[in-house]
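Asks: Kindly generate the corresponding structure for this input.
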Amino acid sequence: MSPAVTLLGPQRRPTVDHALAGVEPDAAIATVTAGWQEREHDDDELQGLLGGRGVNLTLHERWLDVLERDPEYAVAEREHRTVLDELQQFYQLRLDHALRATYAVAQRHDGHPRTREAALADALAVVNVVDQQHVARVREVHQAFYEAWRPHERDEVAEHRESVRSVLASSAALVVAGGHVGELVRVLHLFHVAPHLPARVIAWSAGAMALTERVVLFHDRAPQGPAHTEVYDEGLGVVHGMVLLPHARRRLYVDDLTRMGVLARRFAPARCVVLDDGVRVDLTDRGGLPPGSRVLGTDGRITSLEDA
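Replies: Below you'll find the model as predicted:
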């Protein structure tokens, strides 16, 4: 059965304890703080919110242990990461040209509306092809790596996978914190978390993004200047038909309706879901969005789902 999933906004003012209110008071709660990387064990505040019931899966530490105990695999993984980084760079080059053309078309207000709409649809189709081809290439590279190195058959990985499975089997819920989304996606896949999820899953920020079918990176307000929103990798696939946007109002030019409209249309029919501070989204039994969820409309405005 699919778990009941709750998506939370950033936890500057924590709400994770309220999201777990229905969990048995004595039940263990598995946690993932691997996105914090070297600070993975700095989870005292989270443990306090969980009433001391948290059992940290220590996925980052487990990954480092695998690399240390299996040097051959460590070299292969570094080479694998280099290939993925190169793919991302070439994708960014292609995406830059495609999105610049799309924005240029979207900003035109002269001419016949029907002609402009057709031109915009064609420009977005090119962006979609660039995105889809990139996802396919990344998938191919991952498959080739896993077929060549078969991590699940290596003693070090298999040992940790069994330990993680055991903790998840005895836990009433899984809590996935934010941090570095690339790190989260890597270790969640490596240690095979998705097939062993408990009945409840609560995640926020990058942790929520890692649950989706495709992880989408965005940052209009980066120090070096606006960056194009880009597809990064496939997530766990627990959350379907959504692109999650944590810190949306801090990271996106939400007042730029043209830019936001292109973002919403680019990933349609998936919904671009706004996860700002204080937001809580309890997915329906079928994994859908409940009424009142805040999403980007194709007009670029943030709106409640029932109005979209």
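
Asks: Residue 44: neighbour count?
Replies: Neighbours of residue 44 under the rule other C-beta atoms under 10 Å: 8. C-beta coordinates here come from the backbone N, C-alpha and C atoms, glycine included.

Asks: if I look at it, how far off is residue 198?
Replies: 23 Å (C-beta to C-beta, to the nearest Å).

Asks: how about the helices in the stretch 151-300 of the chain?
Replies: Shown for the stretch 151-300 of the chain, the helices assigned by DSSP state H, counting those that start in this stretch span residues 155-169, 181-190, 206-209, 248-251, 257-267.

Asks: which one of those helices has the most crowded surroundings?
Replies: helix 206-209 (a mean of 29; mean count of other C-beta atoms under 10 Å).

Asks: Outside of that helix itself, list whatever touches it.
Replies: 7-8, 32, 35, 176-181, 184, 215-216, 235, 239, 244, 246, 275 (C-beta atoms under 8 Å, 6 or more residues apart in numbering).

Asks: Narrow these to those in strands?
Replies: 7-8, 32, 176, 215-216, 244, 246, 275 (DSSP state E).

Asks: any chance of these in a markdown table, plus distance to residue 170, neighbour count and pLDDT?
Replies: Shown next, in a markdown table, are those (distance: C-beta to C-beta, whole Å; neighbours: other C-beta atoms under 10 Å; pLDDT from 0 to 100):
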| residue | distance to residue 170 | neighbour count | pLDDT |
| --- | --- | --- | --- |
| 7 | 24 | 28 | 98 |
| 8 | 24 | 26 | 97 |
| 32 | 16 | 26 | 98 |
| 176 | 17 | 28 | 98 |
| 215 | 29 | 22 | 97 |
| 216 | 33 | 23 | 97 |
| 244 | 28 | 27 | 98 |
| 246 | 29 | 25 | 96 |
| 275 | 29 | 24 | 96 |
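
Asks: okay, these in a markdown table with distance to residue 66 next?
Replies: What follows is those, written out as a markdown table (distance: C-beta to C-beta, whole Å):
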| residue | distance to residue 66 |
| --- | --- |
| 7 | 30 |
| 8 | 30 |
| 32 | 16 |
| 176 | 20 |
| 215 | 22 |
| 216 | 28 |
| 244 | 28 |
| 246 | 29 |
| 275 | 31 |
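
Asks: Next, give me the two most distant ones among the residues you listed.
Replies: 32 and 216 (20.0 Å; C-beta to C-beta).

Asks: all strands of this structure, in order?
Replies: Under DSSP E, the chain gives strands at 4-8, 28-32, 54-56, 171-176, 200-204, 214-219, 227-234, 242-246, 271-275, 280-282, 294-296, 302-304.

Asks: Dump these into CSV; add distance to residue 16 as well.
Replies: As requested, those are exported to CSV (distance: least, C-beta to C-beta, whole Å):
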stretch, distance to residue 16
strand 4-8, 6
strand 28-32, 10
strand 54-56, 10
strand 171-176, 6
strand 200-204, 6
strand 214-219, 21
strand 227-234, 25
strand 242-246, 14
strand 271-275, 13
strand 280-282, 10
strand 294-296, 19
strand 302-304, 24
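
Asks: any idea how far residue 156 is from residue 40?
Replies: Distance, residue 156 to residue 40, using C-beta to C-beta: 18 Å.

Asks: What of residue 150?
Replies: Residue 150 is 26 Å from residue 40, by C-beta to C-beta.

Asks: out of these two, which sits in the busier spot?
Replies: For residue 150 and residue 40, the more surrounded residue by other C-beta under 10 Å is residue 40, and the numbers stand at 24 against 11.
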